[in-house]
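# predicted model follows, preceded by the sequence.
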Amino acid sequence: MLALSSSFLLIALLYSMVGFGGGSSYAAILAASGVAYTAIPKISLLCNLLVVTGGSYHFGRQGHFSWKLILPFAVASVPMAFAGGMLPLDKQTFFLLMTGALVLCGLRILFLPDRRPEEIRTPSIAVSLLVGGVLGLLSGLVGIGGGIFLSPLLINLGWARSKNAAAVASVFILVNSLAGLAGQFTKNPDMAPLISHWPLFAAVFIGGQVGSRVGSHQSVPHAWVQKSTGILTLFIGIKLLVDAVHPSH
């Protein structure tokens, strides 16, 4: 548990610097460690909550948050995340979604451009609702907050700069993690996995507080953190895929 907790602390530290919760990587490590796949979404979603609650506060406190940008995404994502959390998911589908999501996230984060203020264009409400709904469903299904997809999307499409995207991602992950966790408990109310993995929650809380305080500071660039996070996510996704295809490795 000590090695697992240390890994979670490091992930929370890195991810929280750019407004992420780290749920996708927590889930991947838990799966690779042999934790029952039915318990993984609950554990990763609660870890997400602990990290992004601090991130939402610290990024908002530094003036990076925009309600106008986040509201349509959040409104559409919350009910879809709840629905995704209640849907039954077989093991093969779970691993396919997880590995695909991780590889995609890793590749996107590696090549995030930083837009200039004059290049920013707010998306229409219809587009925001559609994107929010899709990301919410995915987050509920696989136990991630969805912000790891939303933030790269906001930046790559010119909808936000990196600091603003980080702030929006934190709140987006927060509301979707709450909804997804509620859906998970509706499907299976067992609390035992959370109780037995309490050291992980302490680890991500500490890592998240440190990371979000550093990352939200105006003087800290995000580029190196984003690239490190992308490499880490891509590595874990590929490793999990290899382990799933060749269990003996």
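Alright, I've got the coordinates.

# please count neighbours and contacts with C-alpha atoms only from this point.
Noted.

# what mean pLDDT does the helix ranked longest in the chain get?
Using DSSP state H to define each element, the chain has its longest helix at helix 162-187. When pLDDT is averaged over helix 162-187, the result is 85.

# repeat for stretch 100-112
Stretch 100-112 carries an average pLDDT of 75.

# quick one: buried residues of that stretch?
Across stretch 100-112, burial judged by 16 or more other C-alpha atoms under 10 Å covers A101, L102, V103, L104, C105, G106, R108, I109, L110, L112.

# S16: which of these is nearest?
I109 (14.0 Å; C-alpha to C-alpha).

# skipping adjacent residues, who's closest to that closest one in space?
With C-alpha to C-alpha, 6 or more residues apart in numbering as the criterion, I109 has its nearest non-adjacent residue at 4.9 Å, and that residue is G230.

# can you map out the helices along the chain?
Along the chain, the stretches classed as helices by DSSP H are 2-16, 23-32, 40-61, 67-86, 91-110, 125-142, 147-156, 162-187, 192-196, 198-215, 223-245.

# can you list contacts of stretch 117-127?
L69, P72, G158, W159, A160, R161 (C-alpha atoms under 8 Å, 6 or more residues apart in numbering).

# next, the contact list for the fourth one, please.
In other words, W159. W159 neighbours (C-alpha under 8 Å, 6+ apart): I120, R121, T122, P123, L153.

# now list the buried members of those.
P123, L153.

# let's have the contacts of W159 in TSV, adding pLDDT and distance to L9.
TSV is the format used below for these (pLDDT from 0 to 100; distance: C-alpha to C-alpha, whole Å):
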residue	pLDDT	distance to L9
I120	79	34
R121	85	35
T122	83	34
P123	88	35
L153	79	26
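
# format the contacts of W159 as CSV; extra columns: distance to F235.
Formatted as CSV, the contacts of W159 follow (distance: C-alpha to C-alpha, whole Å):
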residue, distance to F235
I120, 31
R121, 33
T122, 33
P123, 32
L153, 21
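
# out of the contacts of W159, which is nearest to L241?
L153 (24.0 Å).

# tell me how far the nearest residue to that closest one once chain neighbours are set aside lies from S66.
Of all residues not flanking L153 in the chain, W159 sits nearest, at 8.0 Å (C-alpha to C-alpha, 6+ apart). Distance of W159 to S66, computed by C-alpha to C-alpha, to the nearest Å: 12 Å.

# try A32
Separation of A32 from S66 (C-alpha to C-alpha) stands at 37 Å.

# same check, this time on L153
Separation of L153 from S66 (C-alpha to C-alpha): 16 Å.

# tell me how many other residues surround L2.
A count of nearby residues for L2, using other C-alpha atoms under 10 Å, gives 10.

# please begin residue numbering at 840 from this point
That works, and once the first residue is 840, the last one we named lands at L841.

# need the pLDDT of it.
pLDDT for L841: 82.

# one more: A866?
82.

# tally of neighbours for it?
Using other C-alpha under 10 Å, A866 has 26 neighbouring residues.

# that one contacts K881, correct?
No: using C-alpha atoms under 8 Å, A866 is not in contact with K881, being 9.4 Å away.
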